[in-house]
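could you look at this predicted model? Sequence included:
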Amino acid sequence: MAKYKFESTEHVLFRKTLRKFLAEEAEPYYSQWEKDHLIPLEFWRKLGEMGYLCPQVEEQYGGLGLDFSFGVIIQEELERVGSSLIGVGLHNDIVVPYIEAYGSNEQKSRWLPKCVTGENITAIAMTEPGTGSDLANIQTTAIRDGDHYIVNGQKTFITNGIHTNLVVVAVKTNPQAEKKHRGISLLVIEDGTPGFTKGRKLEKVGMHAQDTAELFFEDCRVPVENLLGEEGKGFIYMMEKLQQERLAVAIAAQTAAEDMLALTINYVKSRKAFGKPISDFQNTQFKIAEMATKIELGKSFLESLIEEHIAGNDVMTKVSMAKYWITENARELAIQCMQLHGGYGYMEEYKIARRYRDIPVMSIYAGTNEVMKVIIAKNLGL
């Protein structure tokens, strides 16, 4: 059965096949991946073999040439298993689109086929220890020296940071630019490049299986041909891609909210207190009714945004609203659902406990929700 109005029979079959694949290849091992604090490379390769990595890539580069609607299904089904699979969505719908949009034919031929197979695992390195959402003030420099750029700096909180072998890095190619954002460019740096090293795997509150790391660049010599697009346009490129990135976060948060509600409904029906199921108590019924209503509102809003985004419309203001509101809603739901699970909700063996610790960061990455409100207010003329 289709979840969205835009889903065709092909979409429904695609979702069914993917869900079966994840039930066999991800769900039985997910708890162990959380303990290992890493998703095995073998799983990435299997995703590639099945066509679940970068299906939007053109056929000439090994992809399926599908539109973002199939990416939505992949994001939802991965999130349904667990938030630690977010690195796959980042690879598919955030990083690789930079190469597709701004890469030369030579760059696409060199990198995209292996992104589709899972041989290349991508990351995007924007955030620095002293710079979060304020991208114009990044300090990592890339100074031209003949046929190379000499890169020096540090990045942190990098999703896929341990596994990655292909990183899109935001750098300052013109540190003296009068308008700081005009001095930013994007370089693609490959693992093994002298001067590029990976730091420690960061210990996070949640998303334990997802590898997050620091990256260091010390006199790192990057060939000029690894410049993505034009020099000085990196900030513009990042702004152009933020709509899809923030939409992806909203999709993940919405999926997590729907999953938490389903888990909680099943639990309160089966758990008894004072001689009857918890679901018979008015407080439980009211809480469930409130959560279900907010989820339905989020779903309707999200569906309209997905359709507009696929159509190529500029919906940055609405996407900022969705990213802010849906992630906040998911965070509130996590608290309510854990409460309805009682003491068992605090046990790691119950999925709601994992949701409780995984959800909060969604209101932080891809631009904090405070930044979303600034964007909304600005675009409303304030």
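Nice, thanks for sending it over.

and the pLDDT at Ile39?
With respect to pLDDT, Ile39 scores 96.

which secondary structure state does Leu302 sit in?
Applying DSSP: H, G, I helix; E, B strand; the rest coil to Leu302 yields a three-state assignment of helix.

swap that for Phe216, please
Reduced to three states by three-state DSSP, Phe216 is strand.

you'd agree it is up against Ile189?
No - when contacts are counted by CB atoms under 8 Å, Phe216 is not listed as touching Ile189 (11.3 Å). Placement of C-beta: from N, CA and C, glycine included.

which residues touch the least confident helix or strand in the chain by mean pLDDT?
For the chain, counting by mean pLDDT, DSSP states H and E, strand 272-273 ranks last in confidence among helices and strands (a mean of 90). Outside strand 272-273, the residues that touch it by CB atoms under 8 Å, 6 or more residues apart in numbering are 278, 281.

what lines up beside that strand in the sheet?
In its sheet, strand 272-273 lies beside strand 276-277 (antiparallel), with partners assigned from DSSP bridges.

how far off centre is the helix or strand containing Glu76?
Using DSSP states H and E, the element containing Glu76 is helix 68-81. Mean-position distance between helix 68-81 and its chain equals 11 Å (CA atoms, centre = their mean, to the nearest Å).

tell me which strands and helices that helix is in contact with?
Contacting helix 68-81 under the criterion 3 or more CB pairs under 8 Å, 6 or more residues apart in numbering; DSSP states H and E are the following elements: helix 9-25, helix 86-90, helix 234-270, helix 282-310.

what angle sits between it and helix 9-25?
30 degrees (axes from the mean of the first three to the mean of the last three CA atoms, to 10 degrees).

now do helix 68-81 and helix 234-270, the angle between them.
50 degrees.

contacting residues around helix 68-81?
3-4, 6-7, 11, 14-15, 18-19, 22, 26-27, 30, 52, 55-56, 64, 85-86, 88-89, 92-93, 244, 248, 251-252, 255-256, 259, 306, 309-310.

and the residue lying closest to Gly65 once chain neighbours are set aside, what pLDDT?
Nearest non-adjacent residue to Gly65, counting by CB to CB, 6 or more residues apart in numbering: Glu59, 4.9 Å away. Per-residue confidence for Glu59 comes out at a pLDDT of 97.

what about Glu59, distance to Ser8?
Distance check for Glu59 against Ser8: by CB to CB, to the nearest Å, it reads 19 Å.

show me where pLDDT drops low in the stretch 1-150 of the chain?
Within the stretch 1-150 of the chain, the ranges that satisfy pLDDT under 70 run 1, 132.

likewise the stretch 251-382 of the chain?
Going by pLDDT under 70, which is the cut-off in play, the stretch 251-382 of the chain has no low-confidence ranges.

more neighbours, Phe216 and Ile189?
Set Phe216 next to Ile189 and count neighbours by other CB atoms under 10 Å: Ile189 wins out with 26 against 17.

what's across from the more buried one in the sheet?
Beta-bridge partners for Ile189, by DSSP bridges, are Val167.

what about it, distance to Ile74?
Look at Ile189 and Ile74: by CB to CB, they are 26 Å apart.

check contacts around Glu100.
Residues near Glu100 by CB under 8 Å, 6+ apart: 56-58, 108, 112.

can you pull out the helices in the stretch 101-250 of the chain?
Along the stretch 101-250 of the chain, counting by DSSP state H, counting those that start in this stretch, helices occupy 105-117, 234-270.

do you know which of those lies nearest Arg144?
helix 234-270 (14.5 Å; CB to CB).

got the angle between that closest one and helix 282-310?
For helix 234-270 against helix 282-310, the angle between stretch directions is 150 degrees (the same axes, to 10 degrees).

over to the residue in the chain sticking out farthest from the centre: give its phi and psi.
Distance from the centre of the chain peaks at Gly275, with 43.9 Å (CA atoms, centre = their mean). As for Gly275, its main-chain torsions (degrees, to the nearest 10) stand at phi 80, psi 10.

distance-wise, check it relative to Ser363.
40 Å.

which secondary structure elements does the helix or strand where Ser320 lies contact?
Using DSSP H and E, Ser320 falls within helix 316-341. Helices and strands touching helix 316-341, by 3+ CB pairs under 8 Å, 6+ apart, are helix 234-270, helix 282-310, helix 351-358, helix 369-379.
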